[in-house]
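Here is a sequence with its predicted model. Questions after.
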Amino acid sequence: MKAHIYEISRLYQQPAARWEEMLAKLEEERDFRFFGYKALREAIILELRKPGTGRPPLDKSFVAPPVNKQEASTRKRSNAALEVFSRMIAPKLNGLRQNFMSGWQPACRWEGHALSGGFHFSAEPIKGEEVFLYVSASAHDDEKTSDVLQRKATIELLSIIAETRFTAEPSRVWFVDPNTGTIHKPSKATTRVRKDLKRRLEHLAKLREAA
C-alpha cells in the first residue's frame, strides 16, 4: 500500500471510527497541503543559497488579493515565518546542500508499504554532517495533544525516510517550525512509535482494500 506521511501522521492515535471521515477531508485539502506554503519553502531555499534573495519572490507571489481567509492567513504566516527562519534557523546552517522540492522523490519501502513525501531540502550545519529539513509552517499548539502526537509521528516517519533513502542517522532529521524558530528532533521512544505506526499502516491498508 502507498500512503503519504502527512495522512499517516494525521491518523496517528486518532480513533479508527473517524478515519474515513478524516481521509475524505484530507483529500479535499490536498491542493492546499501541497501548495499552501510552497512559496515560503522556496523563499527559504533561496535565503540559504544567498541571504536576502528570498523575500522578493515571496512578496511577488502574493501580489494578487487572497481568495479567502485561509489564503490570507497563510500569507501572513509565511511573511512572518521567513523572517523568523532567517533570524533563528539560518545562522545554524552554512548553506543549502540539496533541494528536494525541485524534483520527484521516490517512495520509501517500509514494513511492506510505500511511504511517499519527505524532506524539503538538506543543509550543511555549522557543526556536524548534512541535516535533512522538513519545514512545517502550519499552526501548532503544544498544549493540544493531537498536534504533539501528529508532530511526533511525522518526525518518526521522516527518520525512516532518512535511514532508507539517505542512509542517514535519525539525529540528522530536523522538523522545523518557522513560526517559532524551533527545531524538533526524533524522540528516544523510537521502537514504540514505530510499532504504533506499523499498526496504523496495517489498518489503513485493510480499510483501503475494503473500499
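That came through, no problem.

measure the most centrally placed residue in the chain to Leu96 for me?
The residue lying closest to the centre of the chain (CA atoms, centre = their mean) is Tyr134, at 4.5 Å. Note on Tyr134: its distance to Leu96, by CB to CB, to the nearest Å, is 15 Å. Bear in mind the C-beta positions are built from the backbone N, C-alpha and C, glycine included.

do the same with Ala123
Taking CB to CB as the measure, Ala123 falls 6 Å from Leu96.

Can you pull the residues that touch both of those two?
Residues touching both Ala123 and Leu96 by CB atoms under 8 Å, 6 or more residues apart in numbering: Leu48.

Between these two, which is the more surrounded one?
Neighbour totals were compared for Ala123 and Leu96, and Ala123 leads with 21 against 18 (other CB atoms under 10 Å).

Excluding chain neighbours, give the residue nearest to that one in space.
In space, and not counting its chain neighbours, Ala123 is closest to Leu93: 4.5 Å by CB to CB, 6 or more residues apart in numbering.

give me the number of residues near the one you found?
Residues lying near Leu93 (other CB under 10 Å) number 18.

Need phi/psi at it.
Main-chain dihedrals, Leu93, degrees, to the nearest 10: phi -120, psi 150.

Please name the bridge partners of it.
Taking DSSP bridges as the rule, Leu93 bridges to Pro125.

check contacts around it.
Counting by CB under 8 Å, 6+ apart, Leu93 has contacts 48, 123-126, 131.
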